[in-house]
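> Provide a 3D model corresponding to the input given below.
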Amino acid sequence: MDSPRTDPKTEFLVSYRTESELSILSEKPRDRFALLRSAYARTNDWRFGVLACAVSTFAVFLINLIVTIWAAARYGSSGGQQILFEGDCGQAGRVNTALHLAINALGTILLSSSNYCMQCLSAPTRQEVDKAHRQGRWLDIGILSTRNLRGISKKRALMWWILGVSSLPLHLFYNSVIFSSITANITLPIQVSTAFAESEYSASFTSTSGCNVNESSVNLVYDNGSNPCVTWYDREAYRLRTLNANGSLERLDNLACINAYAQQYQTRGNLLLVSDNSTNSVQQPSEQYGSSLVCGGDNSKWVCNCAGPTAPPCDLDPMINGLRSSSVEWSPFKHHVAYCLSERVPQVCKVQSNLHLAIVVIVLNLAKAAIMLFLATQTKETPFMTIGDAIASYIEVPDIATRDMCLASRSEIENQPGFWVKGGRPTSPGRQRLFTAASKRRWIFGLVFYLLVLGTVIALLSRSVWAIEHLYYGDWNTIWNLGLGKASTVTTLTLDTPDSGASGLIANSFVANVAQPILSFLYFMYNGLFTSMCGALEWESYIRYRKGLRVSGEAVGHQRSTYFLALPYRFGLPLMALSSVLHWLVSQSIFLVDIDYRDYDSAMDQWTISYSELTCGYSPLAIIFTLIAGVLMVVVIAAFGMIRLKSEMPVVANCSAAIAAACHIPVEDHEKGARGWKVQWGVTGYGSDGIGHCSFSGLPVDSLEDSRMYK
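Next comes the predicted model:
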């Protein structure tokens with residue numbers, strides 16, 4: 001009779017361990033949960049994580065595609081744009097904010113999935129690490145790394161670059177798919193006498209042509225415009241006087257009138273400039289000023305005496321302050337103004353989407369999903385995704401290039417490129433702080449870049465607050481009332497970019513979203529620093545506890561499966577949420593704006609859009625919140641980096657050479673298959689020369705002694 005067949009895995013794991021540890025081997029070869037166990041094990045494989053990223057990215061693609069088709073079908077497309085909402089500006093602002101929250105939540109899924117897959121792609125295999133070590137180089141383990149790109153296969157490096165480069169246009173255009181618009185009125189100032197302004201709407205008056213005009217002759221112009229005695233000014237003056245008789249015009253003193261109409265984008269309507277003249281007449285403005293000429297993107301030449309289209313906007317004209325100081329003597333059309341009667345026009349705002357930008361986002365989204373799916377299903381390599389993967393491999397087959405350097409740290413190897421000092425050395429001087437887990441170059445580059453960005457944000461905020469205080473006579477209440485991401489005439493930028501067509505859309509979208517890829521880059525750096533420090537905590541835990549290795553593939557024995565690569569969920573999930581909030585705040589800080597210029601059409605008796613202009617707007621309140629979040633991020637990572645490790649174990653960080661040097665396991669452990677057991681790092685023995693050796697081991701280990709040498 002044949003002897004019962006022994007499971008090879010069981011033979012591999014048998015050792016001197018306790019019965020409770022050996023009980024994992026006593027399972028019968030077949031059980032009713034075998035299929036479930038196998039499926040569960042596969043969910044812990046790194047390829048399952050990549051597949052989850054691919055599915056999430058494809059889900060975002062479907063959402064983008066379905067919403068784009070729905071918007072185009074329901075709202076039509078005029079020049080590639082759909083009006084999703086039109087009405088009250090407050091409601092438009094809330095709709096715009098909600099849509100951008102959704103966009104940035106979806107964008108965070110794409111960003112996090114790209115980060116995960118790029119880390120998987122840059123992870124080296126054992127063969128690639130051994131090759132680098134033979135050449136005196138080292139690679140990063142368990143972290144997103146550009147260092148590894150020259151050490152991994154060209155196919156994986158190409159996919160890495162596709163994922164990375166596709167993020168640039170994606171973040172440049174995603175937030176500009178949805179944008180808001182505001183209205184700017186082309187206003188007409190009309191000089192009239194006090195007698196005309198204060199008379200009843202039915203009273204006759206002297207027209208600009210010197211004719212006596214009554215209600216019937218004014219109405220003739222509304223019918224066919226053939227009455228030569230009644231001009232445009234007469235007709236509009238009569239309409240405004242009728243509104244004033246009904247109490248619909250707002251009376252403003254000279255200073256208030258100047259401040260109200262000295263705006264870059266006008267929200268008020270036409271107005272009567274009431275002179276001290278007692279004659280019941282309408283005065284034609286002199287040709288020197290012209291009442292409705294556009295000047296520098298603004299039609300208030302009668303307020304700002306600007307010189308042409310290259311002049312500054314009216315609210316930035318340096319002559320305005322002088323005009324304000326002498327407002328009592330204000331005589332824009334050579335007739336002294338006593339007061340103004342201004343028409344208040346309801347401001348209409350829109351929330352729009354752009355089909356062309358949506359298509360760009362959809363194509364890039366699909367490309368990312370395809371790369372991730374290919375990585376999950378077609379990649380056959382088994383790279384080192386986690387530090388545990390590398391330890392398990394080096395326990396089984398030690399690395400010859402790193403023998404006799406068991407106390408090597410990342411900083412030591414980094415400072416001696418191409419030549420690693422071997423032989424006995426004392427223990428490291430004291431317990432290190434977490435920030436030593438990342439290289440000085442990574443810290444300096446990251447913090448300098450962060451501070452430059454924060455400095456730029458502070459400068460922009462200071463400029464915007466100054467403009468609101470000095471040009472619009474606002475205060476902090478004004479900033480608060482402007483809200484987040486709401487288009488406003490107060491916070492609209494004047495840019496030297498095209499203002500219409502495809503070129504205007506691309507140029508202004510670039511300006512509005514140039515901070516988005518910068519923020520994504522900062523997220524990668526921030527994530528990398530946290531990953532390095534969390535890796536140091538995990539590495540250091542092996543000197544204090546005996547536990548199974550955390551691996552990215554199917555766990556063996558006491559090995560632990562992982563749902564993350566190197567950044568635990570308690571850090572990774574808050575970072576994802578923070579990234580989403582920051583991207584949204586940035587999208588509300590500077591954004592694409594469509595300005596619709598309206599003119600009053602007397603024939604239709606309504607305000608109609610004359611033309612549109614694309615530009616950018618900004619939100620000081622959103623900039624403030626972005627700045628607060630950025631400062632908190634710096635404080636948090638600095639405080640986390642100052643935490644001191646609890647042992648004197650060398651900080652290997654993510655350095656492949658330092659990890660390999662710490663894994664020259666004793667022969668007796670190798671024979672017993674320690675990679676599948678709970679392991680601990682420490683002193684495994686001493687040579688005849690009295691020099692000790694440290695390594696991971698499944699057997700009991702001793703603590704390091706300050707007076708001893710180790711190799």
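> I'd like the average pLDDT over whichever strand or helix holds Ala195.
Using DSSP states H and E, Ala195 maps to helix 194-198. Mean pLDDT, computed over helix 194-198, is 82.
> list the helices and strands that helix packs on?
Contact here means 3 or more Cβ pairs under 8 Å, 6 or more residues apart in numbering; DSSP states H and E; on that basis helix 194-198 packs against helix 232-245, strand 268-275. C-beta: built from backbone N, CA, C; applies to glycine.
> helix, strand or coil for the residue nearest to Ser275 when sequence neighbours are not counted?
Nearest non-adjacent residue to Ser275, counting by Cβ to Cβ, 6 or more residues apart in numbering: His335, 4.1 Å away. On the three-state scheme (DSSP: H, G, I helix; E, B strand; the rest coil), His335 is labelled coil.
> how about the helices in the stretch 551-700 of the chain?
Secondary structure of the stretch 551-700 of the chain (DSSP state H, counting those that start in this stretch): helices at 569-589, 620-641, 656-661, 667-672.
> format these as a markdown table; extra columns: mean pLDDT, distance to Ala54 and mean neighbour count.
Rendered in a markdown table, the data for these read as follows (pLDDT from 0 to 100; distance: least, Cβ to Cβ, whole Å; neighbours: other Cβ atoms under 10 Å):
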| stretch | mean pLDDT | distance to Ala54 | mean neighbour count |
| --- | --- | --- | --- |
| helix 569-589 | 83 | 17 | 20 |
| helix 620-641 | 87 | 29 | 17 |
| helix 656-661 | 89 | 28 | 28 |
| helix 667-672 | 63 | 38 | 15 |
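> ok, which of those comes nearest Ala367?
Among the helices of the stretch 551-700 of the chain, helix 569-589 comes nearest to Ala367, with 20.2 Å by Cβ to Cβ.
> and the closest one, how far from the chain's centre?
8 Å (Cα atoms, centre = their mean, to the nearest Å).
> possible to save the helices and strands packed on helix 194-198 as JSON lines with distance to Ala197 and mean neighbour count?
Formatted as JSON lines, those follow (distance: least, Cβ to Cβ, whole Å; neighbours: other Cβ atoms under 10 Å):
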{"stretch": "helix 232-245", "distance to Ala197": "7", "mean neighbour count": "21"}
{"stretch": "strand 268-275", "distance to Ala197": "5", "mean neighbour count": "23"}
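> closest one to Tyr686 among these?
strand 268-275 (89.5 Å).
> next, the angle from that closest one to helix 232-245.
Angle, strand 268-275 to helix 232-245, by axes from the mean of the first three to the mean of the last three Cα atoms, to 10 degrees: 90 degrees.
> elements contacting strand 268-275?
strand 189-193, helix 194-198, helix 232-245, helix 254-261, strand 337-344.
> now find how far off-centre the first one is within its chain.
Pointing back at strand 189-193 there. Worked out by Cα atoms, centre = their mean, strand 189-193 lies 50 Å from the chain centre.
> neighbours of Ile69, how many?
13 (other Cβ atoms under 10 Å).
> okay, buried residues for the helix or strand encompassing it please.
In the assignment (DSSP H and E), Ile69 maps to helix 46-75. Neighbour-count burial for helix 46-75 flags 46-54, 56-58, 60-61, 64-65, 67-68, 71 (criterion: 16 or more other Cβ atoms under 10 Å).
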